[in-house]
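Enquirer: Just the structure for this:
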Amino acid sequence: MTQVELKGVSKSFEKTKVINDVNLSIEKGEFVVFVGPSGCGKSTLLRLIAGLEKLTDGEIIIADKPVMDLPPSERGIAMVFQSYALYPHMSVFQNMAFSLSLQKLSKAAIKTRVEAAAKILQMEHLLDRRPAALSGGQRQRVAIGRAIVRNPEVFLFDEPLSNLDAALRHDTRVEIARLHRKLEATTIYVTHDQVEAMTLADKIVVLKDGKVMQAGKPMDLFNRPENEFVAGFLGSPKMNFFNGVLGTVSSEINRAEFRGLGMELRDLRLVSTKKTNGAAVRLGVRPQDLFLDPKGTLKGKVTLVEQLGTETIVEVLSPENVLFRYASSEQIDLSVEQDISFSFDVNKAHIF
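Expert: Residues are numbered from 1 along each chain as shown. Model (predicted):
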């Protein structure tokens, strides 16, 4: 069942179009992450759904109800912002109860809802404290709790972990994932962090310049990107790209040859299906899919070695002056200026 539907959604600020004809369906109970670089329009799209920005064109439907003309309070949504926006003079209980008191709920109903949310978030012992006495992670949980008590149709998260340090960001991310499984609530989450996107999402929506580049399951986007932007954005270190020309296009759908950097590779996944023989293309190979091979056709000289403990990342410069990276889960003993060569599984490479 579709919970949120965007039809031809566009948004312009004067002559600048920041959201361009977005069409998207979000199912009930789905955790959807909008991800992309700064300025791609992901927060603006979230604000349009929330009703904090006015549409230029298109339709937004929540729970089978068009909401374009409804204020945020009547859209059945609850939003968690990057800044916690807690009232400093109120206790945790009062912060969480504030929206319910505006709805004129009884004191008993408010107490029941707040205590139930506090139990879910394991913060019953914090209800009498004020925000100044809380850590960053605890404040974020209060902001999430304030959203939970409203029992919304849709939860909206706008980069909620950006203000936390790395360790706390991980812990809070795990809490949000557990919370989603427990509540089974429809959730739309905005982040620029691809790790958050890959680990939290049922569906990722990759945005660039206000347009949807690709939407789908995290590993589908990772393994079968539909364009070079998605391929380069998802994955760390980012995918390597090598210039070359398109060889013979196979009679089998979307398979072709690649020629470049002294390599002639057959039967690769062809993403750029409109290209013809001899056209300029780019070969994409993830750093993790390379492996050291003395007889490998991809050669280069080591320029940098990063030993991260759980992973080794090696920066390599090819004879054609192309910089690329190799990543291994092993602790490899390589030195700068060393000559090395690689092979890779063509089934994991892409032609863009």
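Enquirer: Lowest-scoring secondary structure element of this protein by mean pLDDT?
Expert: Least confident helix or strand, the chain: helix 166-183 with a mean of 84, by mean pLDDT, DSSP states H and E.
Enquirer: What is the helix or strand following it packed up against?
Expert: Remark: after helix 166-183, the chain's next helix or strand is strand 186-191, criterion DSSP states H and E. Contacts defined by 3 or more C-beta pairs under 8 Å, 6 or more residues apart in numbering; DSSP states H and E place strand 186-191 against strand 2-13, strand 16-27, strand 31-35, helix 42-50, strand 154-158, helix 194-200. Using the backbone N, CA and C atoms, a C-beta is placed for each residue, glycine as well.
Enquirer: Tell me how many other residues crowd the closest residue to Arg266 other than its chain neighbours.
Expert: Nearest non-adjacent residue to Arg266, counting by C-beta to C-beta, 6 or more residues apart in numbering: Glu257, 5.1 Å away. Other residues near Glu257 come to 19 when the count uses other C-beta atoms under 10 Å.
Enquirer: hang on, the earlier thing: give me the buried stretch members for the least confident helix or strand of the chain, please.
Expert: Using 16 or more other C-beta atoms under 10 Å as the test for burial, helix 166-183 gives Leu168, Arg169, Thr172, Arg173, Glu175, Ile176, Leu179, His180.
Enquirer: Could you do stretch 6-16 as well?
Expert: In stretch 6-16, counting by 16+ other C-beta under 10 Å, buried: Leu6, Val9, Ser10, Lys11.
Enquirer: Kindly reformat those as a markdown table containing pLDDT.
Expert: Output for those, formatted as a markdown table (pLDDT from 0 to 100):
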| residue | pLDDT |
| --- | --- |
| Leu6 | 97 |
| Val9 | 97 |
| Ser10 | 97 |
| Lys11 | 96 |
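Enquirer: Now the two most distant members of those.
Expert: Leu6 and Lys11 (11.2 Å; C-beta to C-beta).
Enquirer: what residues are shared contacts of those two?
Expert: Leu45 (C-beta atoms under 8 Å, 6 or more residues apart in numbering).
Enquirer: Can you show me the helices along the stretch 201-350 of the chain?
Expert: Assigned by DSSP state H, counting those that start in this stretch, the helices in the stretch 201-350 of the chain fall at 218-223, 228-233.
Enquirer: and among those, the most buried is which?
Expert: helix 228-233 (a mean of 21; mean count of other C-beta atoms under 10 Å).
Enquirer: And the contacts of that one?
Expert: 35-37, 194, 206, 208, 213-214, 221, 225, 238-239, 241, 271, 282, 284, 350, 352.
Enquirer: hmm, try it at 6 Å
Expert: Val206, Lys208, Met213, Gln214, Leu221, Pro225, Lys238, Met239, Gly284, Phe352 (C-beta atoms under 6 Å, 6 or more residues apart in numbering).
Enquirer: try stretch 170-185
Expert: For stretch 170-185, contacts defined as C-beta under 6 Å, 6+ apart pick out Gly29, Phe31, Gly137, Gln140, Phe155, Leu161, Thr187, Glu196, Leu200.
Enquirer: With stretch 206-223 instead?
Expert: Outside stretch 206-223, the residues touching it (C-beta under 6 Å, 6+ apart) are 18-20, 22, 35-36, 40-42, 198, 201, 204-205, 226, 229-230, 234.
Enquirer: Just the buried ones from the residues you listed?
Expert: By 16+ other C-beta under 10 Å, the contacts of stretch 206-223 give 18-20, 22, 35-36, 40-42, 198, 201, 204-205, 226, 229-230, 234 as buried.
Enquirer: picking up where we left off before, which members of the contacts of stretch 170-185 are the farthest-apart pair?
Expert: Counting by C-beta to C-beta, the most remote pair of the contacts of stretch 170-185 is Gly29 and Gly137, 25.8 Å apart.
Enquirer: related to what we said a few turns ago, got the helices of the stretch 201-350 of the chain as CSV, with mean pLDDT columns?
Expert: As requested, these are exported to CSV (pLDDT from 0 to 100):
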stretch, mean pLDDT
helix 218-223, 96
helix 228-233, 96
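Enquirer: which one of those lies closest to Gly58?
Expert: Closest to Gly58 of the helices of the stretch 201-350 of the chain is helix 228-233 (C-beta to C-beta; 23.0 Å).
Enquirer: Off-centre distance for that closest one?
Expert: Relative to the chain's own centre, helix 228-233 is displaced by 12 Å; criterion: C-alpha atoms, centre = their mean, to the nearest Å.
Enquirer: And stretch 239-248, by the same measure?
Expert: For stretch 239-248 - counting by C-alpha atoms, centre = their mean - the centre lies 27 Å from the chain centre.
Enquirer: what do you get for stretch 333-348?
Expert: 29 Å.
Enquirer: What mean pLDDT does it get?
Expert: For stretch 333-348, mean pLDDT is 94.
Enquirer: now swap in stretch 27-38 and tell me
Expert: 95.
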